[in-house]
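[1] quick one, what's the 3D model for this:
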Amino acid sequence: MDGPIMSEVHEAAAAGDSEQVLNLLNLGKYDVNQKDTEWHDRTPLHWAAIKGHAESIRVLVDYGANVDAVTDSGWTPAHFAAEIGKLGALKALHKLGADMEIRDCCGDMPRDLASVYGQTECVEFLKLAEYEDRIQREREKQERLEREERDRREEDKRRREEELRQQRKQEAEKRAKEKGKEKGKKGGGNNGSKGKSLASVGKAVLLMGGK
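    Numbering: from 1, shown residues only. Presented below is the predicted three-dimensional model:
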């Protein structure tokens, strides 16, 4: 079969050897999300979940493993853990942010598989996890809406302040212009008075000279 096959990280994850998983990933030459085509595109995290190794799950996710990676049939690590009844693995995946309501190619969520295979504890846990996830999504949605509303109000406030600044600037410019015109008028009036005074003086001199 063409494509990547099981790597040493896959094997260490399946064995639950979290120390070896850590050592291998620290080498920097392995893709933590590599899919094993011989096993339907399972990643190391799928194997850790299948075997129920919670510590390996945590290490893999710390190094960037996709908690919602899917196989060629759409199964996430949570689907495998639910089918086999690995409650500890399910709890670890949920705590690390795995989506417990992803549906596989047949439309089944992890809880559906747990129910089909009689994994009662897993069914009850997944019911609670789904409820908590819905509550969290609603909370995040509400927080997002409140944040958007705050941003909108802040933007409106900034816009009003800018409009007020522009209005005050225009009014100041208008007053300055009117003041300049007023000064011009007063200046012209004084020159006219001085002209009239000089003309009167000149006229008086002429009259006196005539005498």
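
[2] tell me the centre residue of the protein?
    In the chain, the centroid-proximal residue (Cα atoms, centre = their mean) is residue 144; its distance is 9.9 Å.

[3] that one belongs to a helix?
    Yes - under DSSP: H, G, I helix; E, B strand; the rest coil, residue 144 falls within a helix.

[4] per-residue pLDDT, it?
    Note for residue 144: predicted pLDDT of 91.

[5] what distance do you get for it to residue 137?
    Per Cβ to Cβ, to the nearest Å, residue 144 is found 10 Å from residue 137. C-beta coordinates here come from the backbone N, C-alpha and C atoms, glycine included.

[6] now swap in residue 106 and tell me
    Separation of residue 106 from residue 137 (Cβ to Cβ): 24 Å.

[7] please apply the same query to residue 91.
    For residue 91 relative to residue 137 (Cβ to Cβ), the value is 19 Å.

[8] higher neighbour count, those two?
    residue 91 (16 against 11; other Cβ atoms under 10 Å).

[9] ok, the closest residue to that one other than its chain neighbours - how many residues close by?
    Distances taken as Cβ to Cβ, 6 or more residues apart in numbering put residue 125 closest to residue 91, at 6.9 Å, once the chain neighbours are dropped. Residue 125 has 20 neighbours, counted by other Cβ under 10 Å.

[10] does residue 125 touch residue 90 like I think?
    Yes - with contact defined as Cβ atoms under 8 Å, residue 125 reaches residue 90; the gap is 6.0 Å.

[11] thinking again about what came up before, residue contacts, the residue nearest to residue 91?
    Each residue near residue 125 by Cβ atoms under 8 Å, 6 or more residues apart in numbering is listed here: 87, 90, 91, 94.

[12] could you find the closest non-adjacent residue to residue 60?
    In space, and not counting its chain neighbours, residue 60 is closest to residue 45: 4.9 Å by Cβ to Cβ, 6+ apart.

[13] residues contacting the one you found?
    Counting by Cβ under 8 Å, 6+ apart, residue 45 touches 13, 32, 33, 57, 60, 61, 65, 66, 67, 69, 77.

[14] going through the residues you listed, which ones are buried?
    Neighbour counting with 16 or more other Cβ atoms under 10 Å marks 13, 32, 57, 60, 61, 65, 67, 69, 77 as buried within the contacts of residue 45.
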